[in-house]
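1. What follows is a predicted structure for the sequence shown.
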Amino acid sequence: NAGVTQTPKFQVLKTGQSMTLQCAQDMNHNSMYWYRQDPGMGLRLIYYSASEGTTDKGEVPNGYNVSRLNKREFSLRLESAAPSQTSVYFCASSSGTWGFTDTQYFGPGTRLTVL
Amino acid sequence: AQSVTQPDIHITVSEGASLELRCNYSYGATPYLFWYVQSPGQGLQLLLKYFSGDTLVQGIKGFEAEFKRSQSSFNLRKPSVHWSDAAEYFCAVGRAGGGADGLTFGKGTHLIIQP
């Protein structure tokens, strides 16, 4: 049981390049999340998906798009990377869905640097 | 909107001494509360959570936390710290019954253990 997996672990981009961060969970969870972590800022929610086929904006969605490909996978895309998007990105999943909050389980993170 | 404050950015504790990490939240109704720990270069691991019931909750690795509604606090404690407890600790709040729209995290407390 791998839990939440993320690829890649590290990535360096040049300004303006695009890339997709991949996330998958094998816990049959309904909800999935993307957070970014910046020094001194804690974790901030970028986007979330409460169920397959739905996505919603979080606190800091600008510059990002997401796709809930199926129940297992939730990807985060940077269309035109900017230095301000240098961060550590965490994917999480939860059995919770609308009207029910539950524990979130986190992946190991992707460390992204935009030059 | 909900918010979480962790007043201490850094705390230094001697090995074997007791520990208390502070967390205050702002939320209009009964919150769901979490403590996560992050070791260097790792993802977040759940230490404990409070949803309802007994206000003193036990977690993994010998940690406990007490929910005090009157003080809007959820402080984390450990009677005797070990060098392996050195890490970043995050308090988080979720909406009770509100479902899948992510957690709000504090900015974290960095715990340093002195030999």
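-> Yep, that arrived. Note that the structure is a prediction, hence the values are computed from the model and not measured. Numbers count the residues shown, from 1 in each chain, chains lettered A, B, ... in the order given.
2. what bits of chain A have low per-residue confidence?
-> A:1, A:97-101 (pLDDT under 70).
3. The residue most central in space within it bridge partners, please.
-> Central residue of chain A (CA atoms, centre = their mean): residue A:34, 2.5 Å from the mean position. Note on residue A:34: beta-bridge partners by DSSP bridges are residue A:47, residue A:91.
4. check contacts around it.
-> A:21, A:23, A:45-48, A:58, A:64, A:66, A:74, A:76, A:89-92 (CB atoms under 8 Å, 6 or more residues apart in numbering or on different chains). To be clear about C-beta, it is placed using only N, CA and C from the backbone, and glycine gets the same treatment.
5. so what's residue A:82 up against?
-> By CB under 8 Å, 6+ apart, the contact list for residue A:82 reads A:15, A:63, A:114.
6. let's see it at 10 Å
-> By CB atoms under 10 Å, 6 or more residues apart in numbering or on different chains, the residues touching residue A:82 are A:13, A:15, A:16, A:62, A:63, A:114.
7. where exactly do the strands run in chain B?
-> Ranges of strands within chain B are B:3-5, B:10-14, B:19-21, B:24-26, B:31-38, B:44-50, B:56-58, B:64-68, B:73-78, B:87-95, B:104-105, B:109-114, based on DSSP state E.
8. Turn those strands into a markdown table, columns for distance to chain A and mean pLDDT.
-> Below are those laid out as a markdown table (distance: least, CB to the nearest CB, whole Å; pLDDT from 0 to 100):
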| stretch | distance to chain A | mean pLDDT |
| --- | --- | --- |
| strand B:3-5 | 8 | 92 |
| strand B:10-14 | 11 | 97 |
| strand B:19-21 | 14 | 97 |
| strand B:24-26 | 13 | 93 |
| strand B:31-38 | 5 | 92 |
| strand B:44-50 | 4 | 93 |
| strand B:56-58 | 13 | 95 |
| strand B:64-68 | 14 | 96 |
| strand B:73-78 | 15 | 97 |
| strand B:87-95 | 5 | 91 |
| strand B:104-105 | 4 | 90 |
| strand B:109-114 | 10 | 96 |
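9. Of the ones you listed, which is nearest residue A:106?
-> The minimum distance between residue A:106 and these falls on strand B:44-50, with 4.2 Å, by CB to CB.
10. And the helices in chain A?
-> Taking DSSP state H as the criterion, chain A carries no helices.
11. wait, doesn't residue B:22 sit right on residue B:68?
-> No. Contact between residue B:22 and residue B:68 fails when scored by CB atoms under 10 Å: they sit 11.2 Å apart.
12. List the beta-bridge partners for the residue nearest to the spatial centre of chain B.
-> Closest residue to the average C-alpha location of chain B: residue B:35 at 3.3 Å, with CA atoms, centre = their mean. Judged by DSSP bridges, the bridge partners of residue B:35 are residue B:48, residue B:91.
13. just checking, it touches residue B:22?
-> No. The pair residue B:35 / residue B:22 is not scored as a contact, 11.4 Å apart, by CB under 10 Å.
14. Which neighbours do these two have in common?
-> Counting by CB under 10 Å, 6+ apart, the residues touching both residue B:35 and residue B:22 are B:74, B:75, B:76, B:91, B:106.
15. Tell me the bridge partners for the first one.
-> Using DSSP bridges, the beta-bridge partners of residue B:74 come out as residue B:67.
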